[in-house]
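> pasting the structure only:
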């Protein structure tokens, strides 16, 4: 991978002043993505799928092409299985509110879910009386497949809604096995791929995933864009969550006729610039190569992990083996406020995230205040890791 | 304690900047929790500490470490300093309001509210005999001074006001309209002592004495007109005489009086008495024995007469 060349594609990285280690929250955008968004607003800023003029036709064409690009990215059977959302959270909420849950239905999650994949089920439990069961992780914070299997044997589970790669510690769950086990027990599986889709190849047909949700903003795409993949036969039977403009073929004062998927789920005027930009982001990632991306992140993680383990009082969340933590290194320093570390790093031009990373439930259960999270993407370098370690040592010297 | 000092600092900076206003709000939330006996768990202190240390670490890790390990102590020190400076500022504002100068009565130190020092400016008395040490405000007194030697009106009044001024002194001329208003609006015994700041105006003291002796009632009107006259005119005895004539004085008798030995003796006595007051510049206004040096705002004279007016 030609890192020097790649970094020139990202405006913020061109002068090497900023070290951006917060890509798990939101990645940087390549110039090509920015240009594509600007192109929409400059050359054809019209409505898609409504007006008949040529600008509108261009929008429809671009959005359609974007859908096809995403479908190919996921190896979906049809592009109609791709639904544009605002983000992962909206995708999960769509499933939660469309799958026809009723009292007593069981939803299973892991104990490391982002609030986006926790709160919707808690709300359904309160509103409809569904049961939300949680699979506890093993002591090293990896997925307990045996406990999961036992849970599914004992309960008639309707949906397994599970994170593929945890934003908390970077651990990737054995999603293929999870899907197999779930399907053996007639449970549907929804994958939160917010932290995996940007970093590794997801083949929805090979995985036999029922639903996959992820966000655009973590994979070079614009913020406010997301994807919900669903098998068409499942999507056909779902009731739309948001309804209104562009979701119906026709309506009278008392009745309406919904459009087929994907339109029936895409209510109101869409973020065309975002969708078109997201497709450009996917094309960029494909050009770089997801395998190379994963390899680069793994190397950086190994390098940083080795350096961090040399520092006394630094505790890494999850397994010590960097290979199991993808591009994320989540750590804390005993007796030091994690936000202080992040803020002081920020003053040195190094951007990391601190806190509970929207996984409050896990931190509360483990009585931890939070962690500093370093999250890599393919545009990061070893030199940046060196700079980070150097500054972290200085900060620890000051605070301890 | 950091939240308290942060609230003070950011509240002041917040007057000028919206971002600091937001920080002041955060600091207030923290202070509110503290005063309601709850722990400040907003993370504000940690955030600010990190920002400060983040900047310091670029300059010196040693200094950053020192600050980090004594952050609370330093916050206390700054808090106490800010309280002291706040009290100091409040005293300055009070002094300015009551005495016309932030540094207290008759101070000539710099005052932000009166940067040019207009309220304390005086014409130095060049005719005053030399002394070994420069005169100070504490030397000013009317004790053992025979005020009855000078023109006085409303002698029955309880409150006593003595103006020591000079017709040719710029600052007495500036202050005079206010002093006249003050004397007119309040029931005070008013004495005017002419203390020439320059030798060129020394001759006027005799005219004051003679005019007052000849007609006490007309004297005050003539006195007003003398202050209203141009300085150039007042250098000329003919002008002064014509002014006396216009007021109905017998100018011939005045001339004779001015040249008499008795008047010269009186003038010398008066100068001796004025030297005894310790006055080093004009105008100096004594209100019930308390000296106000320089042309003060009207409210200052009022406070001098009625100290509890403020309350």
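Nice, I can see it. Keep in mind it's a predicted model, so treat the numbers as computed, not measured. Numbers count the residues shown, from 1 in each chain, chains lettered A, B, ... in the order given.

> and the residue nearest the centre of chain A, what element?
Central residue of chain A (CA atoms, centre = their mean): residue A:194, 0.9 Å from the mean position. Taking DSSP states H and E as the definition, residue A:194 sits outside all helices and strands.

> list the contacts for it?
A:88, A:114, A:116, A:163, A:167, A:213-215, A:218 (CB atoms under 8 Å, 6 or more residues apart in numbering or on different chains). All C-beta atoms are positioned from the backbone trio N, CA, C, and that covers glycine.

> Tell me the confidence at whatever residue of the stretch 101-250 of chain B ends up closest to chain A?
Nearest residue of the stretch 101-250 of chain B to chain A: residue B:112, at 35.0 Å (CB to the nearest CB). As predicted, residue B:112 sits at a pLDDT of 86.

> With adjacent residues omitted, what lies nearest to it?
Leaving aside its sequence neighbours, residue B:112 sits nearest to residue B:102 (CB to CB, 6 or more residues apart in numbering or on different chains; 6.5 Å).

> Please, where are all the helices along the stretch 1-150 of chain A?
A:3-8, A:31-43, A:54-74, A:88-98, A:119-127, A:145-154 (DSSP state H, counting those that start in this stretch).

> how about residue 163, what does it touch?
Assuming you mean chain A. Counting by CB under 8 Å, 6+ apart, residue A:163 has contacts A:110, A:112-114, A:117, A:173, A:191-192, A:194-195.

> meant chain B, my bad for not saying
B:172, B:179, B:190-193, B:283-286.

> thinking again about what came up before, number of residues surrounding the residue of the stretch 101-250 of chain B closest to chain A?
Residues within reach of residue B:112, counting by other CB atoms under 10 Å in any protein chain shown, total 10.

> closest one to chain B among the helices of the stretch 1-150 of chain A?
helix A:119-127 (22.7 Å).

> So which residues make contact with the closest one?
Contacts of helix A:119-127 (CB under 8 Å, 6+ apart): A:92-93, A:96-97, A:101, A:107, A:109, A:130-132, A:161.

> Mind giving me the packing neighbours of the helix or strand containing residue B:193?
Assessed by DSSP H and E, residue B:193 sits inside strand B:188-194. Judged by 3 or more CB pairs under 8 Å, 6 or more residues apart in numbering or on different chains; DSSP states H and E, the packing partners of strand B:188-194 are strand B:152-153, strand B:159-165, helix B:204-214, helix B:261-277.

> So for the residue of the stretch 51-200 of chain A found nearest chain B, what's the nearest residue that isn't a sequence neighbour?
Going by CB to the nearest CB, chain B is nearest to residue A:115 of the stretch 51-200 of chain A, at 19.1 Å. The spatial neighbour of residue A:115 that comes closest, neighbours along the chain excluded (CB to CB, 6+ apart), is residue A:358 at 4.6 Å.

> quick check, that neighbour in a strand?
No. With DSSP: H, G, I helix; E, B strand; the rest coil as the criterion, residue A:358 is assigned coil and is not in a strand.

> And the closest residue in space to residue A:316 that isn't next to it in sequence, how far from chain B?
Spatial nearest neighbour of residue A:316, chain neighbours left out: residue A:331 (4.7 Å); criterion: CB to CB, 6+ apart. For residue A:331, the distance to chain B equals 17 Å [CB to the nearest CB, to the nearest Å].

> Please name the residues that touch residue A:331.
So residue A:331 contacts A:308, A:314-317, A:371-372, A:374 (CB under 8 Å, 6+ apart).

> Am I right that it falls within a strand?
Yes. Per three-state DSSP, residue A:331 lies within a strand segment.

> List the beta-bridge partners for it.
Applying DSSP bridges to residue A:331 yields these beta-bridge partners: residue A:316, residue A:372.
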